[in-house]
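S.K.: Need the 3D shape of this:
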Amino acid sequence: MRFETPLVPARLIRRYKRFLADCQLEDGREVTAHCANPGSMMGLAEPGERIWLEPNDDPKKKLKYGWRLVDHENGHFTGVDTSVPNKALRAALEVGEIAQLAAYETVRAEVKYGQNSRIDFLLTHPGLPDAYVEVKSVTLSRQPGLAEFPDSVTARGTKHLGELAAMAAQGHRAIMLYLVQRTDCDRFALATDVDPAYAAAFEAATGVERLIVGTRISPDGIWAEPGITWQIE
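M.R.: Prediction:
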């Protein structure tokens, strides 16, 4: 997924009210950017961090910048926009880049299922069980090379695990797909100390598959990178 508008570098001044971030551009101007991330962004919202913003000239948008990346200044990036994973994954699913799901011909997004929920992707193909794919954006890393989910308590994520387990019980494939939006990790674990209830729900979610997909990130865009071999802890 290529960014629609070339990103511009900035320094983070502060993130507040979850969806707002004051930033300083390279020319010294201070602007407020939209932060499309409802999570805690643990370890990613420290004042002074180098970040990348996407400008826009949409008259309908009050804020003229969107916060897209954290630049770790060592060649690695983290994507902080939680709307990105579904866009990047849809492109990868439609061309069969994710080997575990490549046999499916039809990809539908936001299909109603469960108890007043929508599945991120429903994959279908004649002769195969339907595949219900729920996507989670992973940005937390507290140990070098280890990506963790979640970064805050997620009652919604726990609910999704129960609904996926119900689909698996009906004979469908149920997949919890974790898209790691950072380029400095090759290991994955559930952050059991952050949300013990979510970790317990995952252990209880009989039949739910876990799939980890990495990303390639630069100020040009974010693309799913299924070729990474993940160590699960």
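
S.K.: can we go C-alpha only for contacts and neighbour counts from here?
M.R.: OK.

S.K.: just checking, what's the longest strand in the protein?
M.R.: strand 208-218 (DSSP state E).

S.K.: what's the burial count for E209?
M.R.: Counted with other Cα atoms under 10 Å, the neighbours of E209 add up to 16.

S.K.: re the thing from before, check which strands are paired with the longest strand of the chain and give the direction for each one.
M.R.: Paired with strand 208-218 in the same sheet, following DSSP bridges, are strand 173-180 (parallel), strand 221-225 (antiparallel).

S.K.: any idea which of these is most buried?
M.R.: Ranked by average neighbour count under the criterion mean count of other Cα atoms under 10 Å, the strands paired with strand 208-218 are headed by strand 173-180 at a mean of 23.

S.K.: which residues are in contact with it?
M.R.: Strand 173-180 is contacted by residues 85, 129-139, 147, 161, 164-165, 167-168, 207-215, 224 when judged by Cα atoms under 8 Å, 6 or more residues apart in numbering.

S.K.: Domain parsing of the chain, as residue ranges.
M.R.: Domain ranges of the chain: 8-79, 84-232, per automatic domain parsing.

S.K.: Which one, of those domains, ends up nearest to R2?
M.R.: Taking Cα to Cα, domain 84-232 is the member of the domains of the chain nearest to R2, at 4.1 Å.

S.K.: helix or strand for the residue nearest the centre of the chain, which one?
M.R.: When Cα atoms, centre = their mean is applied to the chain, the residue found nearest the centroid is S137 (2.0 Å). In this assignment (DSSP states H and E), S137 forms part of strand 131-138.
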